[in-house]
Structure formats: structure tokens, C-alpha cells
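Q: Any chance you can model this:
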Amino acid sequence: MPAINIHEAKTHLSRLVEQAAAGQEITIAKAGKPMARLVPLEATVRPKTLGLLAGKLDIADDFDAPLPDAFWQGTR
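A: Next up, the predicted model:
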């Protein structure tokens, strides 16, 4: 794609950003001299770390046991 002048880039910025996001590289020029490039961002995916808290938390064996009746007194 030929260079687009700054005025046109300001006027059509939304359209140009959409084109760049779709993979097109756009050159922006001032007085015919290329000054900047509008390019798509590369997707950054951080690797997931499994087991990050392994061995650091203790869960009681009766964690999911029903609560005693004394807990519910005064709430019903």
C-alpha cells in the first residue's frame, strides 16, 4: 500500500486501525516522506503455570461437610 499522508490518516484513523488489525501494514507520510508505520499487534499469550500454590494451602478433610446447627441459630 502506498504511503498515506498525515491529514488523511487523522481523518480515517478508525478505518486504518481496522485495516492494520486485519494484517495490513500502513505507512504514514509527511510531505511524501514516510514517518511511521501502522502494523497489527502480535497476540501475546502468557503461559499458564499450573500448580503454582501446590503444597502451600491446606484444606481440612471436612471442608465440604454440613455446618453445625449452632452456626445457623439466629439467622433463620
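
Q: Any buried residues in the helix or strand bottoming out on mean pLDDT in the chain, and which?
A: Using mean pLDDT, DSSP states H and E, helix 69-72 stands out as the lowest-scoring helix or strand of the chain, at a mean of 86. Neighbour-count burial for helix 69-72, counted by 16 or more other Cβ atoms under 10 Å, picks out no residue. (Each C-beta comes from the backbone N, C-alpha and C, glycine too.)

Q: Same check on stretch 15-25?
A: 16, 19, 20.

Q: Pull stretch 16-35 out as CSV, backbone CA atoms only.
A: Taking Å, rounded to 0.1, in the frame of the first residue of the first chain, the C-alpha atoms of stretch 16-35 are listed here in CSV:
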residue,chain,number,x,y,z
LEU,A,16,-6.8,2.4,9.1
VAL,A,17,-6.7,0.8,12.5
GLU,A,18,-9.2,-1.8,11.4
GLN,A,19,-7.1,-2.5,8.3
ALA,A,20,-4.0,-2.8,10.4
ALA,A,21,-5.7,-5.2,12.8
ALA,A,22,-6.7,-7.3,9.8
GLY,A,23,-3.0,-7.7,9.0
GLN,A,24,-2.3,-4.8,6.6
GLU,A,25,0.8,-2.6,7.1
ILE,A,26,0.1,1.1,6.6
THR,A,27,2.8,3.7,6.1
ILE,A,28,2.0,7.3,7.2
ALA,A,29,4.0,10.1,5.5
LYS,A,30,4.5,13.8,6.0
ALA,A,31,5.2,15.8,2.8
GLY,A,32,5.7,12.5,0.9
LYS,A,33,8.4,11.3,3.4
PRO,A,34,7.5,8.1,5.3
MET,A,35,7.4,8.9,9.0
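
Q: Quick check: next helix or strand after the longest helix seen in the chain?
A: Looking across the chain with DSSP state H, the single longest helix is helix 13-21. Downstream of helix 13-21, the first helix or strand assigned by DSSP states H and E is strand 26-30.
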